[in-house]
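**Q** The following block contains a protein sequence and its predicted model.
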Amino acid sequence: MSDRFFLNEFPDFVAENSEEIIDESSLLKLLALPYPSISERFKGAALELTQSIVRETWGRSGRRVNDFTLYTGVLGTAFLLFKAYLVTNNGSNLSVCSEIVRACDSASPGSRSRATFICGRAGVCALGAVVAKHCGDDRSLAYYLNQFREIKLPRDIPNELLYGRAGFLWACSFLNQHLGANTVPSSHISVVVKQVIDEGRRLSRKGPCPLMYEWHGKKYWGAAHGLAGILHVLMDMELKPDEVEDVKGTLNYMIQNRFPSGNYPSSEGRDSDQLVHWCHGAPGVALTLAKAAKVFGDEKFVQVALEAGEVVWNRGLLKRVGICHGISGNAYVFLALYRLTGDVKFLYQAKAFTCFLLDRAIKLISEGEMHGGDRPYSLFEGIGGMAYLLLDMIEPSQARFPAYEL
Ligand SMILES: [Zn+2]
């Protein structure tokens, strides 16, 4: 199993300005820096990485779009640039971002494109509208919002996050958060929410888990294709009391049926306790539990979220870099727990994973000790996710897992 992750040899805690570890490794020295200094290091590295990602995914391709998606494609670069703009207020980040979104718009004709934020046209239109608003470009804003309204969900669309209804609903929440409530009217959203709930109840067949979903014939539990991602999105929706009960009941079912280690199966009935990824396993579930703790104000969800976080700390220093199934994504678990509890232990854990990346990732990838992703510059699989995490670590209490946490 340990070929999937590096042993976590970090001390349980390293205080800032700690004098005890002055003679230790460069990694521990980084961890002992006062936050303002380390934050500057994060920022410098993030902006440098962002520049190289733009060069590799946009400049070198002659500004042509092969893959428009946010997951592995150039919309991920645009999303990263938008974040860099929010952090630095540098207008050139915003203008390159808007140029990329325009090209993604041309490359994602409505009828043939999927309807989600992360893997579909909803991401292009929603990000396009928000970026246009920041540019003060009312014409483009109206254009992208109109295009968003044109998106049709096929009858047989799945319900999960990457390709299904949850991914469309997330785009609606993103628009309403950035452009104001009711930018996408609740009447429009509630139709889709009802479909998600109805399908979940139908597939659960009144079994012990109130909501269940399938993607390609498998009942997944993780954030990318399964329950964790769908429930995470549902908790941002206006739900009726019986729907809230079904969301809680589904979470309770998952908690009762987790592995003895505290990790979560990637799908229903799966008994190999291996994956500790955002897409499959404890990290994605931990984010959903942390959200449940906040939304429902229930101490039990805090406790199980912390237990899932423990799994991520012990087995989540993955030999991969990205946010979907890599260290960058797993670091967001600690940031969510830090937001939830205010405990600096979790900020330290997030810092430890981030410093590991900053200190070693590029070298380990070049030596083949770590996998840089099939799309090495992408947001979800590659160093795009690492750059995003570094930007988020500048103000960790405001950090949000990209294209997932609101
Ligand atoms: Zn993944």
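**A** Nice, thanks for sending it over.

**Q** Tell me the residues of the chain that contact the ion?
**A** Neighbours of the ion within the chain, by Cβ under 5 Å from the ion: C279, C324, H325. In short, each C-beta sits where N, CA and C put it, glycine included.

**Q** and if we set it to 6 Å?
**A** A224, H277, C279, C324, H325 (Cβ under 6 Å from the ion).

**Q** Just give the nearest non-adjacent residue to V65, would you?
**A** Leaving aside its chain neighbours, V65 sits nearest to A107 (3.9 Å; criterion: Cβ to Cβ, 6 or more residues apart in numbering).

**Q** With M237 instead?
**A** Using Cβ to Cβ, 6+ apart, the closest residue to M237 is V193 (4.8 Å).

**Q** try S266
**A** H280 (3.7 Å).

**Q** Then L145?
**A** A129 is the one closest to L145 (Cβ to Cβ, 6+ apart), at 5.1 Å.

**Q** tally of neighbours for that neighbour?
**A** 25 (other Cβ atoms under 10 Å).

**Q** Can you name the element that comes right after the strand or helix carrying it?
**A** Assessed by DSSP states H and E, A129 sits inside helix 121-135. Per DSSP H and E, the first helix or strand lying C-terminal to helix 121-135 is helix 138-150.

**Q** now the angle from that following helix to helix 121-135?
**A** 160 degrees (axes from the mean of the first three to the mean of the last three Cα atoms, to 10 degrees).

**Q** Return the residues in contact with the residue of the stretch 101-250 of the chain found nearest the ion.
**A** Proximity of the stretch 101-250 of the chain to the ion (Cβ to the ion) peaks at A224, 5.8 Å away. With contacts defined as Cβ atoms under 8 Å, 6 or more residues apart in numbering, the neighbours of A224 are E160, L161, L162, W278, C279, H280, G284, C324.

**Q** is it true that the fourth one lies in a helix?
**A** In other words, W278. No - secondary structure of W278 (DSSP: H, G, I helix; E, B strand; the rest coil): coil, not part of a helix.

**Q** What separation do you get for it and L389?
**A** Per Cβ to Cβ, to the nearest Å, W278 is found 12 Å from L389.

**Q** can you check A45 too?
**A** 10 Å.

**Q** Those two: who's more crowded?
**A** The neighbour count for A45 versus L389, taken as other Cβ under 10 Å, is higher for L389 (30 against 19).

**Q** didn't that one look like it was pressed against T354?
**A** Yes - if you go by Cβ atoms under 8 Å, L389 and T354 touch, sitting 6.0 Å apart.
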